[in-house]
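Visitor: Predicted coordinates and the sequence they were generated for:
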Amino acid sequence: DAKTTQPNSMESNEEEPVHLPCNHSTISGTDYIHWYRQLPSQGPEYVIHGLTSNVNNRMASLAIAEDRKSSTLILHRATLRDAAVYYCILRDSVEYGNKLVFGAGTILRVKS
Amino acid sequence: NAGVTQTPKFRILKIGQSMTLQCTQDMNHNYMYWYRQDPGMGLKLIYYSVGAGITDKGEVPNGYNVSRSTTEDFPLRLELAAPSQTSVYFCASSTSPTYNSPLHFGNGTRLTVT
């Protein structure tokens, strides 16, 4: 499985944008970039995914570098409820089982 | 809309006891997964299933067994519980294999083995 590298933790002020980086220099052509987040005492929840183009949804935006070796999850206005662990995961679209392999993720703290 | 339901929410076991963690989903998803999460760590895959009657090992299968007799249910069995199995267990499901199908997770079972 291709690996991702994320900072251990980041801090943001409430109502400011947050940019969460992820490096994935060994990404393959069939890997999709997925982001999940885990709120305290809950299971992970899907945030967004993409392949090559930037993606937007109601939760966040995903900016993917042209060479696909890095990506950034963007929360446009952080709220206290966005405090969570954010996981950047490469998911092989042709792999049997479509498994997700979780790393340690980035702990996001949001200050009021 | 229940999604993925896990029972029990909490359990304390003595060393050597056995138990079954229950997981059921009402979304007619073919794919189901069991993960464990140790304190301060990411999730590790224990077992997964791509459909009824088919199961496969993940990264950390030792000490666990699974079965998948129906699409809805994917129970995880612990035989001879050990302190190393103290963890939070998450069950997840997704639709048939496409890159667009996110995993839906339950809220977990917190297990302590003493």
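Guide: Ah, there it is.
Visitor: Would you mind naming what in chain A lies close to chain B?
Guide: Residues of chain A found near chain B (C-beta under 8 Å from any C-beta of the partner chain) are A:32, A:34, A:36, A:41-46, A:49, A:51, A:87, A:91, A:93, A:96-105. The way it works is simple: take the backbone N, C-alpha and C, and place the C-beta from them, glycine included.
Visitor: now chain B, which segments are flagged as low pLDDT?
Guide: Residue ranges of chain B with pLDDT under 70: B:1, B:97-99.
Visitor: In it, what residue spans correspond to strands?
Guide: Using DSSP state E, the strands found in chain B span residues B:4-7, B:10-13, B:19-25, B:31-37, B:43-51, B:54-57, B:64-66, B:76-78, B:87-94, B:104-105, B:109-113.
Visitor: List of residues touching the shortest one?
Guide: Under the contact criterion C-beta atoms under 8 Å, 6 or more residues apart in numbering or on different chains, strand B:104-105 has outside partners A:43-46, B:3-4, B:25, B:27, B:29, B:90-94.
Visitor: and the residues you listed, which are buried?
Guide: A:Gly43, A:Pro44, A:Tyr46, B:Val4, B:Gln25, B:His29, B:Phe90, B:Cys91, B:Ala92, B:Ser93, B:Ser94 (16 or more other C-beta atoms under 10 Å in any protein chain shown).
Visitor: and the closest residue to the third one other than its chain neighbours, what does it touch?
Guide: Using C-beta to C-beta, 6 or more residues apart in numbering or on different chains and skipping the chain neighbours, the partner closest in space to A:Tyr46 is B:Pro102 (3.5 Å). Neighbour list for B:Pro102: A:His34, A:Tyr46, A:His49, B:Ser94 [criterion: C-beta under 8 Å, 6+ apart].
Visitor: okay if I get those residues as a markdown table plus distance to A:Asn23 and secondary structure?
Guide: As requested, the contacts of B:Pro102 are exported to a markdown table (distance: C-beta to C-beta, whole Å; DSSP: H, G, I helix; E, B strand; the rest coil):
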| residue | distance to A:Asn23 | secondary structure |
| --- | --- | --- |
| A:His34 | 15 | strand |
| A:Tyr46 | 21 | strand |
| A:His49 | 17 | strand |
| B:Ser94 | 26 | strand |
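Visitor: With distance to A:Gln6 added, can I get those in CSV?
Guide: Below are those laid out as CSV (distance: C-beta to C-beta, whole Å):
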residue, distance to A:Gln6
A:His34, 13
A:Tyr46, 17
A:His49, 16
B:Ser94, 23
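Visitor: State the distance from the residue of chain A found nearest chain B to A:Tyr87.
Guide: Per C-beta to the nearest C-beta, the residue of chain A with the smallest distance to chain B is A:Gly43, at 3.1 Å. According to C-beta to C-beta, to the nearest Å, A:Gly43 stands 12 Å off from A:Tyr87.
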